[in-house]
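Visitor: Build me a structure from this.
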Amino acid sequence: MGSRRAGREAAMRILYSMEFSSQSADQSAADYWLEHKVSDQLRDFTMTMVNGVNEARAELDAIISSASDNWPVARMADIDKNILRIAAWELKEHPEIPTPVIIDEAIEMAKQYAAPDSASFINGILGRIQKEIRIGQGGH
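Guide: Numbering: from 1, shown residues only. Coordinates of the predicted model:
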């Protein structure tokens with residue numbers, strides 16, 4: 001598994017754990033790192049993503065909501081919405097990462113961690129989001 005994939009999965013797990021606790025990103029991450037030993041580089045990559053998603057959560061949720069055909073983020077499964085937040089954040093903040101890579105990684109996480117129909121749900125929403133976000137960045 002590539003380090004970016006491992007970082008995305010760690011970020012998803014940390015963000016997911018925050019859904020159920022009143023812990024900060026740092027507290028949730030500290031708990032995660034106690035059980036998962038990783039390199040400093042992977043930890044830094046993960047925390048950049050966790051903090052970026054956490055800081056932009058309201059904006060990301062608005063982007064996801066507008067792309068999800070009247071399906072509010074609050075009603076989405078916690079795994080699904082955190083996979084979507086990570087992918088939307090990457091689409092927005094990292095134009096150097098090709099769009100298909102971001103979407104494929106999100107779909108793979110959904111296949112591994114989410115409900116059976118989540119992968120197609122996430123793919124459809126990210127297809128709409130990337131049209132909104134990436135058109136202005138050159139489309140990748």
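
Visitor: Can you list phi and psi of Lys81 for me?
Guide: Backbone geometry at Lys81, expressed as degrees, to the nearest 10, gives phi -70, psi -30.

Visitor: Let me see the contact set for the residue nearest the centre of the chain.
Guide: Ranked by distance to the mean C-alpha position of the chain (CA atoms, centre = their mean), the top residue is Ile86 at 1.8 Å. Applying CB atoms under 8 Å, 6 or more residues apart in numbering to Ile86 gives the contacts Arg8, Ala11, Met12, Leu15, Met49, Val53, Ala106. Where C-beta positions appear, they are placed from N, C-alpha and C, glycine not excepted.

Visitor: try it again with 6 Å
Guide: Taking CB atoms under 6 Å, 6 or more residues apart in numbering as the contact definition, Ile86 lies against Arg8, Ala11, Met12, Val53.

Visitor: What separation is there between the last one and Pro95?
Guide: It stands for Val53. As defined by CB to CB, to the nearest Å, Val53 lies at a distance of 17 Å from Pro95.

Visitor: and what of Ile102?
Guide: Counting by CB to CB, the gap from Ile102 to Pro95 is 10 Å.
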